[in-house]
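Participant: Based on what follows, work out the 3D shape:
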Amino acid sequence: MKRLLLAVAVCMAATPSFAQTKSVKTALSISKSEKANFDEARTLIKGALENAETKDQAKTWYTAGFIENQQFDAERLKQVLGQKPNDIVMYTALGEIMPYFKKALELDALPNAKGKVKPKFTKDIKSIIAANHVYYINGGAYYFDQKDYKKAYSLFKEFTDISESDLFADNEAVSKKDSTYLQIKFYSAIAATQMGESKLAIEGYEALKPHDYRTNDIYQYLCFEYEKAKDTVNFVRTLEEGAIKFPKEEYYVTSLINIYIYSNQNEKALKYINEALAQKPSAQLYDVMGRVYENGLKNNEKALECFNKALELDPAYSESLGNLGRVFYNEGAHKLEEANAISDNTQYQAALAEAKVLFEKARPYFEKALKVKPDEREYMVGLRGIYYNLDMGPEFEAIEAKLNN
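Facilitator: As a prediction, this is how the structure comes out:
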């Protein structure tokens, strides 16, 4: 009696494992049938993937991937026959194949009980992956168009990962690193940018830098990502590399100029301004150079020279007109302050006269600038101070009224 009970107990203990092994076979069989019920097959394999006895078997994971591949093939066949496939079902299945197959390959490479490695599914898995390889591009493009950048990134990356896999080192059709490979590498990085995943995007762009593919775009995207990540060191490094590679591209030089101006590295700023001017003289760049000399290096003489060069290129460039007015105005205000500190009347009058000469020099520049930009408050404020100090009553009242309005 005890032996009988023991035998029954052993059978009962073995039943769950046996059931899951059978589920794997049944799921595989269902997926191969002409009118496969893929949901039923997935339900069966899900239990096997979670069962302690079957979850570590290569066949279980192979079957899970095979089911998804059969679903993908069923929808793709509709395309071949000129029918409309269900894109979501098709590309969802495609996206599910590789995670299962990767685990299956890992388990299939383990030694058996005798210590020998005898893979049963690797050859078939490689064949399926090679056949599907190009469709990861289609799936990624589909999701990219739908603005589902996470899924687009995933499928694009599967394409490039397969190309880079040692499994296909001897398969030139899959492993070739041609323009298509570089294009998909690029768009997977773009998808990462759209996802807001700076780390992934930077990894993608940096990997593309050695290749001759949309290099200018790659450098600019890298600059964007490094700036967003507040990685100033790599941001500046990439800008400097870009400025050397693309000397005619204004973006790099202009960005470097701004960085060096705001970080008070005036000599470096001047270096890049001069490089930019050598490529293409511009009123804006001369104006920027003038402000570096005026504010950074405290050299008004050089600043005035730069502002005047800007006006030689563009006589109506209001920024340089206003900047010239401001330099003379500030010098006049400084001279007036000195005059007010003088007790001797003769010396005071002489210093006051010098201040008025400087205010008079500033006046036409502010007036011209205000004609170009009639609503610019800075020019109005400058003129109000000039008219006041030059005792120009009617003009002072007019500009005061304009400011009040």
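Participant: drop to CA atoms for contacts and neighbour counts, all remaining ones
Facilitator: OK.
Participant: burial of Ile30, as a residue count?
Facilitator: Residues lying near Ile30 (other C-alpha atoms under 10 Å) number 20.
Participant: How about Leu311?
Facilitator: Close neighbours of Leu311, defined as other C-alpha under 10 Å, add up to 20.
Participant: How much space separates the nearest residue in space to Leu321 that is not next to it in sequence from Glu331?
Facilitator: Nearest non-adjacent residue to Leu321, counting by C-alpha to C-alpha, 6 or more residues apart in numbering: Tyr365, 5.1 Å away. Taking C-alpha to C-alpha, to the nearest Å as the measure, Tyr365 falls 14 Å from Glu331.
Participant: between those two, which one's more packed in?
Facilitator: A count of neighbours by other C-alpha under 10 Å puts Tyr365 above the other of Tyr365 and Glu331, at 22 against 17.
Participant: shouldn't the more buried one be in contact with Leu324?
Facilitator: Yes - using C-alpha atoms under 8 Å, Tyr365 makes contact with Leu324 at a distance of 6.5 Å.
Participant: In stretch 118-137, which residues are buried?
Facilitator: Pro119, Phe121, Thr122, Ile125, Ile128, Ile129, Ala130, Asn132, His133, Tyr135, Tyr136, Ile137 (16 or more other C-alpha atoms under 10 Å).
Participant: no, scratch that, I was asking about stretch 341-354
Facilitator: Within stretch 341-354, the residues that count as buried by 16+ other C-alpha under 10 Å are Tyr348, Ala351, Leu352, Ala353, Glu354.
Participant: Among these, name the ones in helices.
Facilitator: Using DSSP state H, the subset of the buried residues of stretch 341-354 located in helices is Tyr348, Ala351, Leu352, Ala353, Glu354.
Participant: so what's the third one up against?
Facilitator: Put plainly, it is Leu352. Listed by C-alpha atoms under 8 Å, 6 or more residues apart in numbering, the contact set of Leu352 reads Lys335, Leu336, Ala339.
Participant: Include distance to Leu44 and pLDDT when you put the residues you listed into a markdown table, please.
Facilitator: Converted to a markdown table, those look like this (distance: C-alpha to C-alpha, whole Å; pLDDT from 0 to 100):
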| residue | distance to Leu44 | pLDDT |
| --- | --- | --- |
| Lys335 | 92 | 94 |
| Leu336 | 92 | 94 |
| Ala339 | 96 | 92 |
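Participant: Turn the residues you listed into CSV, including secondary structure.
Facilitator: Shown next, in CSV, are these (DSSP: H, G, I helix; E, B strand; the rest coil):
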residue, secondary structure
Lys335, helix
Leu336, helix
Ala339, helix
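Participant: can you put those in TSV and add neighbour count and distance to Arg42?
Facilitator: Shown next, in TSV, are those (neighbours: other C-alpha atoms under 10 Å; distance: C-alpha to C-alpha, whole Å):
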residue	neighbour count	distance to Arg42
Lys335	18	87
Leu336	21	88
Ala339	21	92
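Participant: Looking at those residues, which one is closest to Val236?
Facilitator: Lys335 (41.3 Å; C-alpha to C-alpha).
Participant: before we move on, the earlier item: tabulate the buried residues of stretch 341-354 in CSV, adding columns for pLDDT and distance to Cys306.
Facilitator: Formatted as CSV, the buried residues of stretch 341-354 follow (pLDDT from 0 to 100; distance: C-alpha to C-alpha, whole Å):
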residue, pLDDT, distance to Cys306
Tyr348, 93, 33
Ala351, 93, 28
Leu352, 94, 28
Ala353, 95, 27
Glu354, 95, 24
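Participant: closest to Glu275 among those residues?
Facilitator: After measuring the buried residues of stretch 341-354 against Glu275 - C-alpha to C-alpha - the closest member comes out as Glu354, at 38.5 Å.
Participant: tell me the contacts of that closest one?
Facilitator: Gly332, Lys335.
Participant: Would you mind measuring from it to Glu53?
Facilitator: 99 Å.
Participant: And Val233, by the same measure?
Facilitator: From Val233 across to Glu53, the span is 53 Å (C-alpha to C-alpha).
Participant: Which one's more surrounded, those two?
Facilitator: Ranked by neighbour count (other C-alpha under 10 Å), Val233 and Glu53 place Glu53 first, with 15 against 10.
Participant: On the three-state scheme, that one is what?
Facilitator: What three-state DSSP gives for Glu53 is coil.
Participant: quick one: pLDDT of it?
Facilitator: Here the pLDDT value assigned to Glu53 is 88.
Participant: try Lys280
Facilitator: Turning to Lys280, the model gives it a pLDDT of 87.
Participant: cool, the one 3 residues further on as well?
Facilitator: The pLDDT attached to Ala283 in the predicted structure is 95.
Participant: Can you name the residues that contact the nearest residue to it once chain neighbours are set aside?
Facilitator: Leaving aside its sequence neighbours, Ala283 sits nearest to Ala310 (C-alpha to C-alpha, 6+ apart; 4.0 Å). Going by C-alpha under 8 Å, 6+ apart, Ala310 touches Ser282, Ala283, Gln284, Leu285, Tyr286, Asp287, Tyr317, Ser320.
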